[in-house]
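S.K.: turn this into a model:
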Amino acid sequence: MDGRKPAIGTHELQNHLDQADLAEQQLENQALIEGAEKSDLARYTQARDQANQLLGEARSMNAVAKLTTVITLKTLAKVKETKAYKELKGTSGVDTQGNKIDDVGTWEGYCRAIGRSKSSVDDDLRNLSIFGEEALENLRSIGAGYRELRKLRQLPDEERELIIQGEAVQVGDKDALVELIEDMAVRHAKEKEALSQQAEESRQELEASRRVTQDKSNRIAELEEQLHRRQNLTPDQRVGELSKRLEAEGVKARSLLLPLRSVMVEILDWEDAPRELHHACAQQVARLRIELDQMERELGLEPVDLDVDDSWMQEINPS
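M.R.: The predicted structure is shown next:
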């Protein structure tokens, strides 16, 4: 042997190249991850520093007025988003009125420490998010307060944009702006109420339709069950069932006459009742008799006297 290393094959060389590419890609990915982490850390550090700066400014004269500017609100939004105020966790303090704050490291505690309430800061941040920096600055510059801004937030996007870009804001006419917001708010409330009413009516109609459908389904199921049961009855069982049903429906029909009879009794007991009312009672009885006679003819029934007629028994048991 001459001691020389054997030549590297093509396949082995490709493996080496693939491993080198993989290692390079891993290094690039690691660098990107580290860069992103450093970027996030830098943003968090900046927000933390700004949080501490705002806290310091709050102790200076006229600080509260300064902490409501759009620029400061942007910083507060970043402090809240990154939760940089948590760097002060466990730190106690006092608000601008000298009241103790147990923990400045909460959002509520931090807001109090800079001389604001949590609700007012959150309200300002909502305004900043919805209106944008320029529009919020313009609205504030002409004296739009929390009440007007809150109503403006509640309007649909198109109407809100019309007001923001409208003449009242451009010329700085607060009275015109307030009137416009109030008018649109009232109209929006009426439209919302009308839509709500329509939705409720639609819901009730749908519910009624569902009930009717369910009632029909239940009735169909009940009739199918009755039909199935009757088809399996013996003749004697069928006679017994039909007799019970006939008697029950007869009682029910006769009971329906009781309210009518009650009215007639009241009329007949009235000594000064006009004659036409007496005649109307007789007419009602005549109409009922006509209905019953017609039903008797249609069904082919022979008139019977319940006191003396026993012919039906003779037909069943002939002598």
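
S.K.: hey, where'd the helices end up in the chain?
M.R.: 10-57, 63-66, 70-82, 107-113, 118-131, 133-141, 146-154, 157-164, 167-171, 174-231, 235-255, 257-269, 275-299, 311-316 (DSSP state H).

S.K.: chain center to the fifth one, what's the gap?
M.R.: The one in question is helix 118-131. 25 Å (Cα atoms, centre = their mean, to the nearest Å).

S.K.: other residues contacting it?
M.R.: Residues from elsewhere that reach helix 118-131 (Cβ atoms under 8 Å, 6 or more residues apart in numbering): 68, 70, 73-74, 76-77, 80, 107-108, 111-112, 136, 139, 146, 149-150, 152-153, 160, 164. (C-beta placed from N, C-alpha, C; glycine too.)

S.K.: make it 7 Å
M.R.: Here helix 118-131 makes contact (Cβ atoms under 7 Å, 6 or more residues apart in numbering) with 68, 70, 73, 76-77, 80, 107-108, 111, 136, 139, 146, 149, 153, 164.

S.K.: if you rank those by neighbours, which is first?
M.R.: residue 76 (26 neighbours; other Cβ atoms under 10 Å).

S.K.: and the residue nearest to it when sequence neighbours are not counted, how close does it get to residue 152?
M.R.: Sequence neighbours aside, residue 121 is the residue nearest to residue 76 in space, at 6.2 Å (criterion: Cβ to Cβ, 6 or more residues apart in numbering). To residue 152, residue 121 is 19 Å away according to Cβ to Cβ, to the nearest Å.

S.K.: ok, now residue 203?
M.R.: Taking Cβ to Cβ, one finds residue 203 at 31 Å from residue 152.

S.K.: residue 125 too?
M.R.: 15 Å.

S.K.: one step back: just the helices of the chain: most buried one?
M.R.: helix 107-113 (a mean of 22; mean count of other Cβ atoms under 10 Å).

S.K.: turn the helices of the chain into CSV, columns for mean pLDDT.
M.R.: What follows is those, written out as CSV (pLDDT from 0 to 100):
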stretch, mean pLDDT
helix 10-57, 56
helix 63-66, 50
helix 70-82, 86
helix 107-113, 89
helix 118-131, 91
helix 133-141, 86
helix 146-154, 87
helix 157-164, 85
helix 167-171, 76
helix 174-231, 84
helix 235-255, 87
helix 257-269, 93
helix 275-299, 92
helix 311-316, 52
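
S.K.: between the ones you listed, which gets nearest to residue 93?
M.R.: helix 107-113 (5.1 Å; Cβ to Cβ).

S.K.: and the closest one, C-alpha only, in CSV?
M.R.: These are the backbone C-alpha positions of helix 107-113, laid out as CSV (Å, rounded to 0.1, in the frame of the first residue of the first chain):
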residue,chain,number,x,y,z
TRP,A,107,-52.2,48.4,35.7
GLU,A,108,-54.7,49.9,38.1
GLY,A,109,-51.9,50.8,40.5
TYR,A,110,-49.7,52.3,37.8
CYS,A,111,-52.6,54.4,36.4
ARG,A,112,-53.2,55.8,39.9
ALA,A,113,-49.5,56.4,40.4
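
S.K.: helices and strands around that helix, which ones?
M.R.: strand 100-101, helix 118-131 (3 or more Cβ pairs under 7 Å, 6 or more residues apart in numbering; DSSP states H and E).

S.K.: can you put these in a markdown table and add distance to residue 239?
M.R.: What follows is those, written out as a markdown table (distance: least, Cβ to Cβ, whole Å):
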| stretch | distance to residue 239 |
| --- | --- |
| strand 100-101 | 91 |
| helix 118-131 | 79 |
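
S.K.: domain ranges for the chain?
M.R.: 28-130, 132-205, 256-296 (automatic domain parsing).

S.K.: can you put those domains in CSV and add distance to residue 225?
M.R.: Below are the domains of the chain laid out as CSV (distance: least, Cβ to Cβ, whole Å):
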stretch, distance to residue 225
domain 28-130, 61
domain 132-205, 30
domain 256-296, 27
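
S.K.: who wins for proximity to residue 223 among those?
M.R.: domain 256-296 (23.1 Å).

S.K.: run the chain-centre distance for the closest one.
M.R.: 55 Å.

S.K.: now swap in stretch 255-269 and tell me
M.R.: 52 Å.

S.K.: contacting residues around that stretch?
M.R.: Contacts for stretch 255-269 (Cβ under 7 Å, 6+ apart): 273, 277-278, 281, 284.

S.K.: let's go with 10 Å and repeat that
M.R.: 273-274, 277-278, 280-282, 284-285, 288 (Cβ atoms under 10 Å, 6 or more residues apart in numbering).
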